[in-house]
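Peer 1: Give me a model of this one.
(one chain, ligands or ions: 1)
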Amino acid sequence: MDRQASTSHIHVLERILLDENAEPTDLPLSLLKGITNGFSPAHQIGRGGFAEVYKGVVGKGMVAVKRLSRTFAVHENKFQEEVKCLIKAKHKNIVRFLGYCADTQ
Ligand SMILES: Nc1ncnc2c1ncn2[C@@H]1O[C@H](COP(=O)(O)OP(=O)(O)OP(=O)(O)O)[C@@H](O)[C@H]1O
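Peer 2: Next up, the predicted model:
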(Lines give C-alpha, C1' and ligand atoms only; values in the text may rest on other atoms or scores of the structure.)
Protein backbone atom coordinates (compact mmCIF):
# COMPACT_ATOMS: atom_id res chain seq x y z
CA MET A 1 0.00 0.00 0.00
CA ASP A 2 1.42 3.38 -0.94
CA ARG A 3 1.83 6.31 1.46
CA GLN A 4 -1.19 8.20 0.09
CA ALA A 5 -3.52 5.18 0.53
CA SER A 6 -2.20 4.62 4.06
CA THR A 7 -2.81 8.29 4.95
CA SER A 8 -6.38 8.12 3.67
CA HIS A 9 -7.02 5.05 5.85
CA ILE A 10 -5.73 6.99 8.87
CA HIS A 11 -8.30 9.67 8.03
CA VAL A 12 -11.03 7.01 7.92
CA LEU A 13 -10.00 5.77 11.37
CA GLU A 14 -9.75 9.35 12.68
CA ARG A 15 -13.27 10.06 11.41
CA ILE A 16 -14.64 6.94 13.14
CA LEU A 17 -12.83 7.93 16.32
CA LEU A 18 -14.29 11.45 16.29
CA ASP A 19 -17.82 10.51 15.20
CA GLU A 20 -19.41 8.32 17.84
CA ASN A 21 -22.17 7.30 15.42
CA ALA A 22 -19.73 6.04 12.77
CA GLU A 23 -19.82 2.31 12.11
CA PRO A 24 -16.68 0.13 12.57
CA THR A 25 -14.91 -0.82 9.36
CA ASP A 26 -12.26 -3.19 8.08
CA LEU A 27 -8.77 -1.75 8.35
CA PRO A 28 -5.59 -2.75 6.53
CA LEU A 29 -2.74 -4.35 8.49
CA SER A 30 -0.37 -1.66 7.16
CA LEU A 31 -2.44 0.99 8.97
CA LEU A 32 -2.37 -0.92 12.26
CA LYS A 33 1.39 -1.38 11.90
CA GLY A 34 1.76 2.33 11.15
CA ILE A 35 -0.13 3.58 14.21
CA THR A 36 1.63 1.13 16.59
CA ASN A 37 5.12 1.71 15.18
CA GLY A 38 5.19 -1.84 13.81
CA PHE A 39 3.62 -3.34 16.97
CA SER A 40 6.67 -2.17 18.85
CA PRO A 41 7.20 -3.35 22.47
CA ALA A 42 7.25 0.32 23.49
CA HIS A 43 3.60 0.56 22.38
CA GLN A 44 2.46 -2.59 24.20
CA ILE A 45 -0.02 -1.71 26.96
CA GLY A 46 -1.33 -5.12 27.92
CA ARG A 47 -1.50 -8.81 27.33
CA GLY A 48 -4.38 -11.27 27.77
CA GLY A 49 -4.65 -15.02 27.43
CA PHE A 50 -4.68 -14.98 23.65
CA ALA A 51 -3.77 -11.46 22.56
CA GLU A 52 -1.46 -8.51 23.00
CA VAL A 53 -2.80 -4.97 23.17
CA TYR A 54 -0.94 -1.95 21.75
CA LYS A 55 -1.39 1.81 21.90
CA GLY A 56 -2.15 3.20 18.46
CA VAL A 57 -1.67 6.88 17.70
CA VAL A 58 -4.29 8.40 15.36
CA GLY A 59 -3.77 12.11 14.84
CA LYS A 60 -4.19 13.68 18.28
CA GLY A 61 -6.11 10.65 19.54
CA MET A 62 -5.23 7.21 20.81
CA VAL A 63 -6.78 3.79 20.23
CA ALA A 64 -6.14 0.30 21.60
CA VAL A 65 -5.11 -2.28 18.99
CA LYS A 66 -5.63 -5.90 20.01
CA ARG A 67 -3.56 -8.43 18.08
CA LEU A 68 -4.39 -12.14 18.43
CA SER A 69 -1.33 -14.27 19.23
CA ARG A 70 0.17 -16.28 16.39
CA THR A 71 -0.19 -19.40 18.52
CA PHE A 72 -3.92 -18.81 18.92
CA ALA A 73 -5.49 -20.42 15.84
CA VAL A 74 -8.96 -19.04 15.26
CA HIS A 75 -11.28 -20.36 12.60
CA GLU A 76 -12.28 -17.75 10.00
CA ASN A 77 -16.02 -18.24 10.78
CA LYS A 78 -15.43 -17.81 14.52
CA PHE A 79 -13.48 -14.62 13.87
CA GLN A 80 -16.32 -13.23 11.74
CA GLU A 81 -18.92 -14.16 14.40
CA GLU A 82 -16.82 -12.40 17.05
CA VAL A 83 -16.52 -9.28 14.88
CA LYS A 84 -20.31 -9.24 14.29
CA CYS A 85 -20.85 -9.43 18.08
CA LEU A 86 -18.35 -6.65 18.75
CA ILE A 87 -20.00 -4.43 16.12
CA LYS A 88 -23.37 -4.87 17.90
CA ALA A 89 -21.96 -4.28 21.40
CA LYS A 90 -22.71 -0.61 22.05
CA HIS A 91 -22.89 0.55 25.64
CA LYS A 92 -21.58 3.52 27.61
CA ASN A 93 -19.60 1.13 29.83
CA ILE A 94 -18.02 -0.80 26.94
CA VAL A 95 -15.07 0.56 24.99
CA ARG A 96 -16.11 1.39 21.41
CA PHE A 97 -15.18 -1.08 18.69
CA LEU A 98 -13.70 0.95 15.81
CA GLY A 99 -12.53 -1.60 13.27
CA TYR A 100 -11.06 -4.99 12.53
CA CYS A 101 -8.43 -6.66 10.36
CA ALA A 102 -8.45 -10.32 9.32
CA ASP A 103 -4.94 -10.32 7.83
CA THR A 104 -3.12 -13.36 9.25
CA GLN A 105 0.30 -12.34 7.91
N1 LIG B 1 -9.19 -0.59 25.26
C2 LIG B 1 -8.13 -0.75 26.07
N3 LIG B 1 -7.51 0.32 26.59
C4 LIG B 1 -6.44 0.19 27.39
N5 LIG B 1 -5.89 -0.99 27.74
C6 LIG B 1 -6.48 -2.09 27.26
C7 LIG B 1 -7.61 -2.04 26.40
N8 LIG B 1 -7.97 -3.30 26.07
C9 LIG B 1 -7.11 -4.09 26.71
N10 LIG B 1 -6.20 -3.38 27.43
C11 LIG B 1 -5.11 -3.90 28.27
O12 LIG B 1 -4.64 -5.11 27.72
C13 LIG B 1 -4.85 -6.18 28.63
C14 LIG B 1 -5.21 -7.42 27.84
O15 LIG B 1 -6.39 -7.18 27.15
P16 LIG B 1 -7.34 -8.39 26.78
O17 LIG B 1 -8.61 -7.87 26.22
O18 LIG B 1 -6.59 -9.38 25.94
O19 LIG B 1 -7.51 -8.91 28.24
P20 LIG B 1 -8.34 -9.98 28.92
O21 LIG B 1 -9.77 -9.84 28.52
O22 LIG B 1 -7.96 -9.87 30.35
O23 LIG B 1 -7.75 -11.30 28.37
P24 LIG B 1 -8.53 -12.63 28.08
O25 LIG B 1 -9.54 -12.28 27.02
O26 LIG B 1 -7.45 -13.52 27.58
O27 LIG B 1 -9.13 -13.03 29.37
C28 LIG B 1 -5.92 -5.71 29.59
O29 LIG B 1 -5.82 -6.33 30.83
C30 LIG B 1 -5.61 -4.21 29.67
O31 LIG B 1 -4.52 -4.00 30.56
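Peer 1: which is the next helix or strand following the worst-scoring helix or strand of the chain on mean pLDDT?
Peer 2: The helix or strand of the chain with the lowest confidence, counting by mean pLDDT, DSSP states H and E, is helix 3-18 at a mean of 79. Downstream of helix 3-18, the next assigned helix or strand under DSSP states H and E is strand 25-26.
Peer 1: From the chain's centroid, how far away is that next one?
Peer 2: 9 Å (CA atoms, centre = their mean, to the nearest Å).
Peer 1: again, but for stretch 57-72
Peer 2: With CA atoms, centre = their mean as the basis, the mean position of stretch 57-72 lies at 5 Å from the chain mean.
Peer 1: Residue 10 reaches residue 30, doesn't it?
Peer 2: No: in this structure, residue 10 is not within contact of residue 30 by CB atoms under 8 Å, at 10.4 Å. Backbone N, C-alpha and C define where each C-beta goes, glycine included.
Peer 1: For the chain, which residues are neighbours of the ligand?
Peer 2: 45-51, 53, 64, 66, 95 (CB under 6 Å from any ligand atom).
Peer 1: For ChimeraX, what selects the buried ones among those?
Peer 2: Remark: buried members of those, expressed as a ChimeraX selection using 16 or more other CB atoms under 10 Å:
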select :53
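Peer 1: Kindly reformat the residues of the chain next to the ligand as CSV and extend each row with secondary structure and pLDDT.
Peer 2: As requested, the residues of the chain next to the ligand are exported to CSV (DSSP: H, G, I helix; E, B strand; the rest coil; pLDDT from 0 to 100):
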residue, secondary structure, pLDDT
45, strand, 98
46, strand, 97
47, strand, 95
48, coil, 90
49, coil, 84
50, coil, 84
51, strand, 90
53, strand, 97
64, strand, 97
66, strand, 95
95, coil, 93
